[in-house]
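*Asks:* Provided below for reference: sequence and predicted model.
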Amino acid sequence: MIQIFKKTNIDFMKYKFIAFGVSGAIIVAGLANIFFGKGLKPGVDFSGGTLIRVLFKSPLPVSDVRQALTEQGLGNSIIQEVEKAQREYIIRTAGLSAGDIQADQDLEAHAILANRIIETLKNAEDKAAVERGLLDFNNAGVKEIAAVLQPAYPDEAASLAERIINFRVEKGIIEDFGILREAGISDEVISVLKDRTFLGSLTVLSRDTVGPQVGKDLRRKATQATVWALLGMLVYIAARFKLAYGVAAILTLTHDVLFTLSVFSFTNREVNLPVIAAVLTIVGYSINDTIVIFDRVRDNIKLMRKSPFEGILNASINQTLSRTVITSGTVFLTVIALYLFGGQVINDFAFTMLIGVITGTYSTIYQSCPIVYFWQKIFGTGRRVRR
Amino acid sequence: MKKGLRWKLILTLGIVGLALFLAYPPGKKINRGLDLRGGIHLVLQVITDDAINIDTDEEINRLRDQFQKKNLTSTSIVKGRIGQITIQGTTPDQEGAVRDLLDENFRNWDYVFVGATATLTMKSEVQMYLRDQAVNQALETIRNRVDQIGVAEPTIQRQGLAGDRIILELPGVDNPERVKNLIKTTAVLEWKLVKAGPAADEQTLLASVGGTVPEDAQVVKGDPKRTSGGFYLVERVATVTGKDLRVVRRATDEWNSPAVSFSLNPEGGRRFERVTGENIGKQIAILLDDKVISSPTVEDVIPATSGGIIRGRFTIDEAEDLVVLLRAGALPAGIKYLEERTVGPSLGADSIRKGLSAGVAAVILVMAFMVIYYRLAGVNAITALILNMVLLFGALAYFRAALTLPGIAGIILTIGMAVDANVLIFERIREELLAGKSILNSIATGFSRAFSAIFDSNLTTIISAIFLFQFGTGPVKGYAVTLIIGISASMFTAVFVSRLIFDLTVAGKKRKEKMSI
């Protein structure tokens, strides 16, 4: 059999003070950065605003995008280039100038701003084509395309339109009508399309507008969910093990959450809903690890009656070490797969999980056990654990 | 085969078969969330203050009426803060009579007298009822409108039981802006006789009637898009309203421009006949949400049964939208959007592609690892993992839970986490084997001793997922659901099914010296 570890006997508990020091330093630095430094960058979900994701037909350098927006007084929008180089961008509207809008119409104002950005980015050819009464093929729906084909193909218009649009959906944006031949569309149909429609220079992939009220609600709910989840676990573990273990578990989890947020504060990433989902998953994952070790401690306390408590903790960590490494390994593999292949939309989530898996594994060994140890030393009398 | 084993095998096959039946073919049976299929997610708030104000206005009218009937004096009866009416200038000798009136006919209101002023406050349970009604009616109206537009599989629900928010999910909408406007329009349609106008500004308009607005009239504006703009003086009371409409259709007028034709219910029709008969040659204004959209001249009496058409320089789409609005009815209160998310179908298709490739990569990596590390036992774990996925999809289909992009991430994570139970068991079995126990014995102890750790750790993970579900909106909820189902299913597959596989293979052979683990 392949074994990662033969019987190990590492004195993990010896490093407890070093571990406390390292974690403490990182968390203190992170919290300082969050509260007095750069802070966490809230995404649209939490701060409100509009996020538009556009795909251009042909490459457009980021400087051109910025210039076009600046000319329209939208220069303070945040522009991020993603995935397909120079063709796909995420644009976030920046704070609104007070002159534009009344306060109670915040959301409406963001929506209007988003429309203006989209209009600005369309090029002159698009506008001229619309003037001539042509339909924008890259943004048209099935019904509209069917209406275009209706005169020439009264019977098949609907099914043709559906096939054409499905093909466009797969491609994202069509650069040249000729490519429709790949979908088995005949040259005659293509020439009808060429006559009546034009290939718009961009398509809007997605668009999120969140009002300030919802952002505030979500912030409150996210905090509540995290706190309640921690309390729920404290109660469960205290009931199944002992209060000391419950306290140690949630201190460990709090460590994980703070550690992850600290690391996050040093990156340039925005905190949005998926990131919070990832943080809560980390909570669920790290507790998994912790409980497996505690479960061993629970067993060992009965088996190793004569040993000192520190020795029991050490033995338990050692005995579960290969499991800890293997499980973290498989989870790490899946998270890496998500991070590398999951695409940009899910990337923040995967990144947060990546930090969390590492933190969770480390904290189980170096935080939860020492905390139980100290708690027992200070408050504990007996070593009995409820079963 | 032992009898116990046979039943376990039948149970397992039954459950897996059921899951397969529920989930196959996944393209059809699994509900895709908005972020994967494209569509709009809207959160809107019903401005329930409107409902309170409307009711307060009606009550003020009733008060004025009653004061007149009973010969009570007051200098003014006006709206105060929200849900309040102030009556000023009552005389001391009439206080008793006013109190009697309020006690008898205005039971929804609490009142206090301070000198000559009475302040009425709408009782809080009445306010709550009105607000609740407004949200319910708005929900109903919006549902009607969405049905009229013809959106397939919309979700329209109230957020929370007593909240003033409504969540709408509309998959596959081509033109989000149009739909948004359509939902937001209050759509109160009224026909009111024109007393004067249109005039370029308010002063000119009022000059023609002596400078002030008469008691029974009001000034309204022309919708600049539909009329030549300007101001109208119209009667306060409408001749007919949208509520009197019976059939509404898109039509064309005599110049072939898009218009909307309507017919009236008997009562509305009779009123329309009488008013048109008495006012031949005068203008009648058609108002949508207090803006004039057209003001035709009454050329002849319009019989009760004939109905008519509404013109207003419509495009075909605009005429169609008006039909939708009139058929679905008016909103009882204004609404405003709090959140809108639009996902184009391309992004959804792209997300599915990427999610699939990440999923396939994760499965291959984890499976390869398990087989290399645990050999045949690894194959056992993989079987459990595959069954886990089957059960997960079966459950998703059964609960009609929407699969979202974070949901796909949840499934991929489940792959990593679900093998944890197997790892725990296998490591225990190895320990027992190394301690020199027999294979049968090792398997039995491995499973039983690993169980408490598996149970406790999975349950705590589920606790955190439940809170995530509580907090989450759309996509995040989908994630929490897949996580909860995935972990629950893994307890069954990794503990029950894996054990069964061991029992059927390894343990079945009486003297096997080595176990492949």
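*Replies:* Cool, got the structure.

*Asks:* count of residues packed around A:Glu83?
*Replies:* Neighbourhood size, A:Glu83 [other C-beta atoms under 10 Å in any protein chain shown]: 16. Just so you know, the C-beta spots here come from the backbone N, C-alpha and C atoms, and that holds for glycine as well.

*Asks:* which stretches of the stretch 51-200 of chain B form helices?
*Replies:* B:95-105, B:124-149, B:176-184 (DSSP state H, counting those that start in this stretch).

*Asks:* grab the nearest non-local neighbour of the residue in the stretch 101-250 of chain A that chain B sits nearest to.
*Replies:* Of all residues in the stretch 101-250 of chain A, A:Gly141 sits closest to chain B, at 2.9 Å by C-beta to the nearest C-beta. Nearest non-adjacent residue to A:Gly141, counting by C-beta to C-beta, 6 or more residues apart in numbering or on different chains: B:Asp174, 2.9 Å away.

*Asks:* show me the helices in the stretch 51-200 of chain A, by range?
*Replies:* Per DSSP H, counting those that start in this stretch, the stretch 51-200 of chain A carries helices over the ranges A:62-71, A:106-121, A:124-131, A:142-149, A:157-171, A:187-196.

*Asks:* just checking, what packs against the fifth one?
*Replies:* Pointing back at helix A:157-171 there. helix A:142-149, helix A:187-196, helix B:345-398 (3 or more C-beta pairs under 8 Å, 6 or more residues apart in numbering or on different chains; DSSP states H and E).

*Asks:* list the buried residues of the worst-scoring helix or strand of chain B on mean pLDDT.
*Replies:* Sorted by mean pLDDT, DSSP states H and E, the helices and strands of chain B end with helix B:202-207, the least confident at a mean of 80. Within helix B:202-207, the residues that qualify as buried by neighbour count (16 or more other C-beta atoms under 10 Å in any protein chain shown) are B:Leu205, B:Leu206.

*Asks:* one more: stretch B:277-293?
*Replies:* B:Asn279, B:Gln283, B:Ile284, B:Ala285, B:Ile286, B:Leu287, B:Leu288, B:Asp289, B:Lys291, B:Val292, B:Ile293.

*Asks:* got it, and stretch B:7-16?
*Replies:* So for stretch B:7-16, counting by 16+ other C-beta under 10 Å, buried means B:Lys8, B:Leu9, B:Thr12, B:Ile15, B:Val16.

*Asks:* what number of residues lie near residue 194?
*Replies:* Chain wasn't specified; assuming chain A. When neighbours are counted by other C-beta under 10 Å, A:Lys194 registers 15.

*Asks:* looking at chain B here, not the other one
*Replies:* By other C-beta under 10 Å, 22 other residues sit near B:Val194.

*Asks:* go on, A:Phe177?
*Replies:* With other C-beta under 10 Å as criterion, A:Phe177 counts 18.

*Asks:* burial count for the nearest residue to it once chain neighbours are set aside?
*Replies:* Sequence neighbours aside, A:Ile190 is the residue nearest to A:Phe177 in space, at 5.1 Å (criterion: C-beta to C-beta, 6+ apart). For A:Ile190, the tally of surrounding residues (other C-beta under 10 Å) stands at 16.

*Asks:* check which residues of the host helix or strand of B:Ser457 are buried.
*Replies:* Assessed by DSSP states H and E, B:Ser457 sits inside helix B:439-471. For helix B:439-471, burial by neighbour count (16+ other C-beta under 10 Å) applies to B:439, B:442-447, B:449-469, B:471.
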